[in-house]
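A.B. asks: pasting the sequence and the predicted model now:
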Amino acid sequence: MAEEQDAKRRKLDEQQEEVKEEEAPVVELYSYWRSSCSWRVRIALALKGIEYKYHDVHLVEGKQKADDYVAINPMKQVPSLIVDGVALTQSVAILEFLDERFPEPALLPKDFTLRAAVRAIVETINSGIQPIQNFSVLGRIGALGGDKVAWAKETIDAGFHALEQQLASVPGRSDEDTCCVGSAVTLADIALVPQVYNAKRFEVDMDQFPLISKVHAHLETLE
């Protein structure tokens, strides 16, 4: 009887090991170090403890236009994430995928209203600020003879005025909250960090935005 039980335990252990191996995906990230969209995905991968192979797509050198990369990302943008051979593009879609595929730690609140608040903040940055001052737009403005630095600064400044109000109006917000929504890191915080970097890069006066600055200062203390 004891031998039979030991055999069953060994078989169960072997099956569990097989499941663990099956659950370890092969992950590859195509990224550029200064890309804020790529930065979001790198933060999420780090928070989730996901190992991945890194591929540099140097935007300034035009690597995003190479045929082999266009086959992965027809928009010629970064990031692109390949998971078990399946290519994923667009940073917010990738973030949502990672949070569903690797649920711990969760990057969205359980409360439906707060989930909506997180997603709204993400989209303010992702749709209302970042794409108006991204690499390709600034390049085009410069090519047309415009002041791309002034454009980026004005764009971020205007967006941050809206974002500051948005953070202040998060349902149930208290002075003790340390993150964009509550005190747990969410997708909103992941989007905020690279955008504040851009704001400082283009010399936006961050003293105008005490709540954004408070949240960002806290996020900088996290590993």
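C.D. replies: Arrived safely.
A.B. asks: show residues contacting stretch 97-108.
C.D. replies: 25, 41, 44-45, 47-48, 50, 81, 83, 88, 95, 115, 118-119, 184-187, 190 (C-beta atoms under 8 Å, 6 or more residues apart in numbering). Where you see a C-beta, it was placed from the backbone N, CA and C, and this is true even at glycine.
A.B. asks: so which of those residues sit within strands?
C.D. replies: 81, 83, 88 (DSSP state E).
A.B. asks: what are the bridge partners for the second one, then?
C.D. replies: Same thing as residue 83. Judged by DSSP bridges, the bridge partners of residue 83 are residue 27, residue 86.
A.B. asks: please name the residues that touch it.
C.D. replies: Per C-beta under 8 Å, 6+ apart, neighbours of residue 83: 25, 26, 27, 97, 101.
A.B. asks: repeat that for 10 Å
C.D. replies: 25, 26, 27, 28, 29, 50, 52, 94, 97, 98, 101 (C-beta atoms under 10 Å, 6 or more residues apart in numbering).
A.B. asks: surely residue 142 meets residue 149?
C.D. replies: Yes: the criterion here is C-beta atoms under 10 Å, and residue 142 meets it with residue 149 at 9.2 Å.
A.B. asks: point out where the chain drops to low pLDDT.
C.D. replies: 1-23 (pLDDT under 70).
A.B. asks: closest to the centroid, which residue in it?
C.D. replies: Nearest to the geometric centre of the chain sits residue 40, at 2.3 Å (C-alpha atoms, centre = their mean).
A.B. asks: that residue and residue 173, how far apart?
C.D. replies: The gap separating residue 40 from residue 173 is 23 Å, by C-beta to C-beta, to the nearest Å.
A.B. asks: cool, residue 183 as well?
C.D. replies: From residue 183 across to residue 173, the span is 11 Å (C-beta to C-beta).
A.B. asks: show me which of these two is the more surrounded one.
C.D. replies: Using other C-beta atoms under 10 Å, the more surrounded residue of residue 183 and residue 173 is residue 173, with 15 against 10.
A.B. asks: how about the closest residue to that one other than its chain neighbours, what does it touch?
C.D. replies: Excluding the flanking residues, the one nearest residue 173 by C-beta to C-beta, 6 or more residues apart in numbering is residue 167, at 7.6 Å. Residue 167 makes contact with 117, 121, 124, 173, 177, 179-181, 188, 192, 209, 211-212, 214-215, according to C-beta under 10 Å, 6+ apart.
A.B. asks: one more time with 8 Å, if that's ok
C.D. replies: 121, 173, 180, 211, 212, 215.
A.B. asks: now it: phi and psi?
C.D. replies: When read as degrees, to the nearest 10, the backbone of residue 167 gives phi -60, psi -40.
A.B. asks: next one: the one 3 residues further on
C.D. replies: Summarising the backbone geometry of residue 170 under the convention degrees, to the nearest 10, its torsions are phi -60, psi 130.
A.B. asks: that's all I had, so thanks and see you.
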